[in-house]
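Q: Take this sequence and fold it.
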Amino acid sequence: MAKKVVATLKTGTGKAFTKCIKMVKSEKTGAYAFKAEIVPNEQVKDFFAKK
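A: Numbers count the residues shown, from 1 in each chain. As a prediction, the model looks like this:
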């Protein structure tokens with residue numbers, strides 16, 4: 001029987017992380033794409049503020 005591996009976003013440092021997904025419009029085609037990153041909770045506002 002195989003063991004199930006569970007990945008967590010929390011490390012031993014005590015910092016919690018958040019997966020942020022932002023919709024970005026392409027300059028060339030005008031189509032929308034999604035940009036996703038895993039950032040520390042303190043940097044969530046910075047992620048959404050930058051273009």
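Q: Please, where are all the helices along this protein?
A: 44-49 (DSSP state H).
Q: Can you tell me which helix or strand of it has the lowest average pLDDT?
A: Within the chain, no helix or strand scores below helix 44-49, which has a mean of 89 by mean pLDDT, DSSP states H and E.
Q: Give me the contacts around that helix.
A: Helix 44-49 has contacts (CB atoms under 8 Å, 6 or more residues apart in numbering) with T18, C20, K22, E37, V39. All C-beta spots, glycine's among them, are computed from the backbone N, C-alpha and C.
Q: list the contacts for the second one?
A: Put plainly, it is C20. So C20 contacts A36, E37, I38, V39, V44, F47, F48 (CB under 8 Å, 6+ apart).
Q: picking up where we left off before, of the contacts of helix 44-49, which is the nearest to A31?
A: K22 (14.9 Å; CB to CB).
Q: Neighbours of the closest residue to I21 other than its chain neighbours, how many?
A: Once flanking residues are discounted, I21 sits nearest to A36: 4.6 Å by CB to CB, 6 or more residues apart in numbering. The tally of other residues near A36 (other CB atoms under 10 Å) stands at 8.
Q: wait, isn't A36 in contact with M23?
A: No: using CB atoms under 8 Å, A36 is not in contact with M23; the gap is 10.4 Å.
Q: mind checking how far K22 is from Q43?
A: According to CB to CB, to the nearest Å, K22 and Q43 sit 13 Å apart.
Q: brain fart, C20
A: Distance from C20 to Q43, by CB to CB: 9 Å.
Q: Next one, pLDDT for E42 please.
A: E42 is assigned 89 on the pLDDT scale.
Q: show me where this protein has strands.
A: Taking DSSP state E as the criterion, the chain contains strands spanning 17-25, 32-40.
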